[in-house]
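K.L.:
Output the structure for:
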Amino acid sequence: MAYISFQPNDYFSTKLYTGTGSSNAITGVGFQPDWVWIKKRNATGQHQLFDAVRGVTKRVYSDSSDPESTSATTLTAFGTDGFTVGSNSGINGSSDTIVSWNWLANGQGSANTDGTINTTYTSANTTSGFSIVKYTGTGSNASIGHGLGVKPAMIIIKNLATTGEDYAIYHKSLGGYQYYLKLNSTSAVSNNTNRFYAEPTTNVVNIGSVNETNQSGVEFIAYCFAEKKGFSKFGSYAGNANVDGPFVYTGFKPAFVVVKKIGGATANWVMTDNKISFNGKGTNNSTVLFPSTSAAESDAYGLMLHSNGFKFSGSDSASATVNGSGATYIFMAFAAAPLVSSNGVPTTAR
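P.N.:
Residues are numbered from 1 along each chain as shown. Coordinates of the predicted model:
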């Protein structure tokens with residue numbers, strides 16, 4: 001059985017809250033978060049991403065190629081047990097139902113000199129395998145220090161200054177460094193060596209020469225994830241288009257899951273967590289949101305969370321978004337609880 005020496009909710013936590021339309025201190029996260037991803041659930045609204053490296057009020061959107069913007073009415077403070085949001089309608093509209101996903105890194109961090117580019121800040125948590133890296137591009141092949149001490153399984157990079165530049169995502173199950181996805185897009189996997197020019201290593205991320213990952217003189221943010229047994233899992237699965245869909249083993253009770261079809265026709269990214277989704281909810285037993293679109297939550301995909309993985313209960317034959325026949329999907333998942341954790345208590349089934 002998977003075992004870890006820490007409690008997963010000390011490093012990742014989902015927090016639901018209701019908007020007030022005015023300054024709103026959100027508590028109950030369980031730690032001071034360093035990366036906060038917020039989405040309105042009950043209506044259309046963009047996904048807004050904040051982190052301690054870039055600082056408060058600075059946001060990027062997962063569903064847009066827009067550059068970073070600053071708004072004094074968004075996330076205004078990181079607190080010891082959560083964060084504070086202002087009156088922004090996208091993340092604190094009056095009476096709106098809202099979800100936030102929260103990760104612990106290492107505060108703002110410090111410069112890292114492992115790569116050919118000295119990072120402005122690298123905020124790394126080697127226990128949970130998560131780091132946030134801010135750097136300035138050079139326009140030619142280069143490397144940046146991620147601070148994790150092991151090879152990342154997934155990397156998400158965003159150009160912070162240039163309009164129209166998509167996210168670039170490396171994932172270990174795409175087949176190699178030359179294959180990448182775009183978080184803000186429904187497009188299938190692409191093959192080109194100019195986003196990442198080589199595999200990441202235990203020390204650095206190797207970035208290419210294009211604007212999406214390394215535009216000269218422009219600032220970037222990178223979110224890097226290493227797989228930690230019992231806490232995080234990055235992999236792939238094959239769809240079968242059956243109502244009795246595939247089961248994906250993670251080795252822990254998932255708190256958060258994101259999936260993406262990687263080939264063929266376009267398809268949205270799909271995400272869920274153990275707070276907005278639970279067996280028996282809605283017509284398809286789950287609730288999901290979509291990182292690549294601003295749409296409200298939906299119960300259309302039957303993505304169910306179990307004690308040791310996740311499973312699909314719908315055939316999904318029309319769009320093949322999560323369970324198309326013969327289609328391949330990549331995923332990222334974080335634990336609510338491992339099969340056994342540091343308190344020695346086994347996970348209960350759902």
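
K.L.:
Please count neighbours and contacts with C-alpha atoms only from this point.
P.N.:
Noted.

K.L.:
Quickly list the domain ranges of this structure.
P.N.:
For the chain, the structural domains run 8-103, 121-225, 233-338, going by automatic domain parsing.

K.L.:
nearest spatial neighbour of G264, skipping sequence neighbours?
P.N.:
Across the structure, with CA to CA, 6 or more residues apart in numbering as the measure, the residue nearest G264 apart from its sequence neighbours is A188 (6.4 Å).

K.L.:
Can you verify my assumption that F247 contacts F312?
P.N.:
Yes: checked against CA atoms under 8 Å, the pair F247 and F312 is within contact range at 6.9 Å.

K.L.:
Who has more neighbours out of these two?
P.N.:
When neighbours are counted by other CA atoms under 10 Å, F247 and F312 differ, and F312 comes out ahead with 26 against 19.

K.L.:
is that one in a bridge, and if so with what?
P.N.:
L303 (DSSP bridges).

K.L.:
which residues sit in contact with it?
P.N.:
Contact partners of F312, counting by CA atoms under 8 Å, 6 or more residues apart in numbering, are 243-247, 301-304, 322-323.

K.L.:
chain center to the lowest-mean-pLDDT helix or strand in the chain, what's the gap?
P.N.:
When each helix and strand of the chain is scored by mean pLDDT, DSSP states H and E, strand 303-306 comes last, with a mean of 91. Put simply, strand 303-306 sits 18 Å off its chain's centre (CA atoms, centre = their mean, to the nearest Å).

K.L.:
any chance of the domains of the chain in JSON lines, plus distance to G115?
P.N.:
Putting the domains of the chain into JSON lines (distance: least, CA to CA, whole Å) gives the following:
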{"stretch": "domain 8-103", "distance to G115": "19"}
{"stretch": "domain 121-225", "distance to G115": "4"}
{"stretch": "domain 233-338", "distance to G115": "25"}
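
K.L.:
Let me know which of those domains is the nearest to S110.
P.N.:
With respect to S110, and counting by CA to CA, the nearest of these is domain 121-225 at 4.5 Å.

K.L.:
Run through who's touching stretch 226-235.
P.N.:
2-4, 8, 128-130, 148, 150-154, 171-173, 250-252, 330-335, 337-339, 341.

K.L.:
Can you classify S173 by secondary structure?
P.N.:
Three-state secondary structure (criterion: DSSP: H, G, I helix; E, B strand; the rest coil) places S173 in helix.

K.L.:
Would you agree it is in contact with S236?
P.N.:
Yes: taking CA under 8 Å as the contact criterion, S173 and S236 are neighbours in contact, 6.1 Å apart.

K.L.:
joint contacts of the two?
P.N.:
Residues touching both S173 and S236 comprise I330, with contact defined as CA under 8 Å, 6+ apart.

K.L.:
returning to what we had before: ranking the domains of the chain by mean pLDDT, which is last?
P.N.:
Lowest mean pLDDT within those: domain 233-338, at a mean of 88.

K.L.:
Just the ones of the contacts of F312 in strands?
P.N.:
Using DSSP state E, the members of the contacts of F312 that fall in strands are 247, 303-304.
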